[in-house]
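J.: what would the 3D arrangement of this be:
(chains A, B, C and D)
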4 protein chains.
Amino acid sequence: MSDPYQHEINVTWGDCDPAKIAYTARLPYFALDAINGWWEAHLDGDGWFQLELDRNVGTPFVRMEMDFRSPVTPRHKLICETFPVKLGTKSITFAVRGYQDGTLCFDGLFTCVFTIADQFKSQVVPDDLRRIVEPRIRAA
Amino acid sequence: MSDPYQHEINVTWGDCDPAKIAYTARLPYFALDAINGWWEAHLDGDGWFQLELDRNVGTPFVRMEMDFRSPVTPRHKLICETFPVKLGTKSITFAVRGYQDGTLCFDGLFTCVFTIADQFKSQVVPDDLRRIVEPRIRAA
Amino acid sequence: MSDPYQHEINVTWGDCDPAKIAYTARLPYFALDAINGWWEAHLDGDGWFQLELDRNVGTPFVRMEMDFRSPVTPRHKLICETFPVKLGTKSITFAVRGYQDGTLCFDGLFTCVFTIADQFKSQVVPDDLRRIVEPRIRAA
Amino acid sequence: MSDPYQHEINVTWGDCDPAKIAYTARLPYFALDAINGWWEAHLDGDGWFQLELDRNVGTPFVRMEMDFRSPVTPRHKLICETFPVKLGTKSITFAVRGYQDGTLCFDGLFTCVFTIADQFKSQVVPDDLRRIVEPRIRAA
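T.: Numbers count the residues shown, from 1 in each chain, chains lettered A, B, ... in the order given. Model prediction:
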């Protein structure tokens, strides 16, 4: 696996609006796909679905911010460099940087809190997840 | 029309994820729908589609930030209070605040630049749009 | 309420692809929104979300077919005429006809089965739903 | 490349509804992604976007039909077996069969017409595309 994790997205016709670029509201979708992909890559294939249903851990988002720097198109794969930048007692912040053909298209920060999924109640970061996240934290 | 403009969204089953709340990536979609609705409400029904195709004015996004404060569900209409907070020489910033049953679910700021659509080149805010936006600016 | 039920959709920029018409895969979304709207209109606001969570009734789809007859654009509201055409022992079929400015854009048939939601097991149509559906059946 | 072409989709949390399965309206999206992927696989990476913009060939859909046979979940990759079943003078029909872990989840037929993209006018199948499609036709 590359370090940091790179999530590849095949942008297509259906992602684009009449300006012939990916519709803005698709870009948070792509970024979230990349964050889910980060979990899958580091938890033996388990993403949010398995975290919630099998491990009873939810990670709802409390904040996102994104800067859109260059249009995203179907001309190149979208490579989303994704890594944690901060792990709090009960929260995690990811950075996602989307590149096409070496050009930065967008970057963003996304903060989630950890919950006991079936109670929708916040919890401290579970130890096994902390052990996975901590060594992979980088500066944003 | 209410002031500020209120955009109503019917959140449904298909917007929700297995946590039984609207999937996070749907919320920027809703906010963008509300901003498009603001234009429609103030330009005799013209939204981004008509701005781009009929008036040759594009308004691509350069930044968004959103705080997610309470889950969005199909139990109540989602009311998106939407208004401009800043008009620059070539850019506009909108605030969107999503409420359900009186509770603030999310709020965000969204900045767009004005372009000559068929040249994908930035331009100063067209005068007719400036006249519409300026009196409706409010503090975020 | 009009008879048959008419579900109005505001098609926008974000629904369109570079051909400047609504992306084909958006049209089944619109049709499903209309069917959910039919339930809401006839069950005091309850759509699939409330059917599943409050009444423990699921209605998963087993078949859809759609003919696309004319492009859908943001130029006009999309009016989806929606009505049941058949009620079986355990299933229901809806017709949805999408019109813009009087032109038929698409029509389709959609069949769902009734389930006990928390068991994901088929069931006969619940009596209260049968009483609502039967008088509203029309020929496709 | 496998024959017939297999398009792999990573189904995730965000594709699922509160029933913990992929929302029905996502399935036509997946099928269309697979058909676009078929073109990309057989046209050196060119999908609908490049067909339309670089080759001036549009392929709008005129019909789809899908049978939903088993729920789609994030537990397994979704493998969409995709191949042409018929090539008319001006149209093409694709079959898409979605499998997870060897189980058929859905199958469908999708018919497109060929157009001169910038005129939105139908045309006979371009010769170079006919040469690619014909040897790959299979019975549905």
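J.: who's the closest spatial neighbour of the residue most central in space within chain A, skipping the chain neighbours?
T.: Taking Cα atoms, centre = their mean, the centroid of chain A lies closest to A:I35, which sits 2.0 Å from it. Excluding the flanking residues, the one nearest A:I35 by Cβ to Cβ, 6 or more residues apart in numbering or on different chains is A:F94, at 5.1 Å. Just so you know, the C-beta spots here come from the backbone N, C-alpha and C atoms, and that holds for glycine as well.
J.: for the one you found, what are its contacts?
T.: By Cβ atoms under 8 Å, 6 or more residues apart in numbering or on different chains, the contact set of A:F94 is A:35, A:38, A:82-85, A:109-112.
J.: now it: how far from B:A31?
T.: Distance of A:F94 to B:A31, computed by Cβ to Cβ, to the nearest Å: 20 Å.
J.: cool, and A:F110?
T.: According to Cβ to Cβ, A:F110 and B:A31 sit 16 Å apart.
J.: neighbour count for those two, which is higher?
T.: Comparing A:F110 with B:A31 by other Cβ atoms under 10 Å in any protein chain shown, the one with more neighbours is B:A31, at 28 against 23.
J.: hmm, that one is touching B:C105, no?
T.: No. At 10.8 Å, B:A31 and B:C105 do not qualify as touching, with contact defined as Cβ atoms under 8 Å.
J.: what number of residues lie near A:D3?
T.: Look at A:D3: counted by other Cβ under 10 Å, it has 8 neighbours.
J.: phi, psi for it please.
T.: For A:D3, the backbone dihedrals (degrees, to the nearest 10) come out as phi -130, psi 120.
J.: show me where chain A has its helices.
T.: Along chain A, counting by DSSP state H, helices occupy A:26-42, A:48-55, A:127-133.
J.: distance between the last one and the chain's centre?
T.: Shown here is helix A:127-133, whose average C-alpha point lies 17 Å from the average C-alpha point of the whole chain (Cα atoms, centre = their mean, to the nearest Å).
J.: give the other helices and strands that that helix contacts.
T.: The contact analysis (3 or more Cβ pairs under 8 Å, 6 or more residues apart in numbering or on different chains; DSSP states H and E) places helix A:127-133 against strand A:78-87.
J.: so the residue lying closest to A:A140 once chain neighbours are set aside versus A:I79, what's the distance?
T.: Distance criterion Cβ to Cβ, 6+ apart; nearest residue to A:A140, sequence neighbours excluded, is A:V85 at 4.3 Å. Separation of A:V85 from A:I79 (Cβ to Cβ) stands at 18 Å.
J.: likewise for A:K20?
T.: Using Cβ to Cβ, A:K20 is found at 20 Å from A:I79.
J.: list the contacts for the residue nearest to A:K86 when sequence neighbours are not counted?
T.: In space, and not counting its chain neighbours, A:K86 is closest to A:T93: 4.2 Å by Cβ to Cβ, 6+ apart. A:T93 makes contact with A:84-87, A:109-112, according to Cβ under 8 Å, 6+ apart.
J.: what residue ranges in chain A score low on pLDDT?
T.: Low-confidence segments of chain A, defined by pLDDT under 70: A:1.
J.: show me what from chain A comes close to chain B.
T.: Within chain A, the positions adjacent to chain B are A:18-19, A:21, A:24-25, A:28-29, A:32, A:49, A:52-53, A:58, A:60-69, A:71, A:117, A:120 by Cβ under 8 Å from any Cβ of the partner chain.
J.: out of these, which are inside strands?
T.: The strands, defined by DSSP state E, take in A:58, A:61-68 from the residues of chain A next to chain B.
J.: contacting residues for A:V72?
T.: The neighbours of A:V72, taking Cβ under 8 Å, 6+ apart as the test, are A:11, A:15, A:21-22, A:26-27, A:30, A:78, A:98, A:100, A:105-106.
J.: how much space between it and B:G108?
T.: Taking Cβ to Cβ as the measure, A:V72 falls 20 Å from B:G108.
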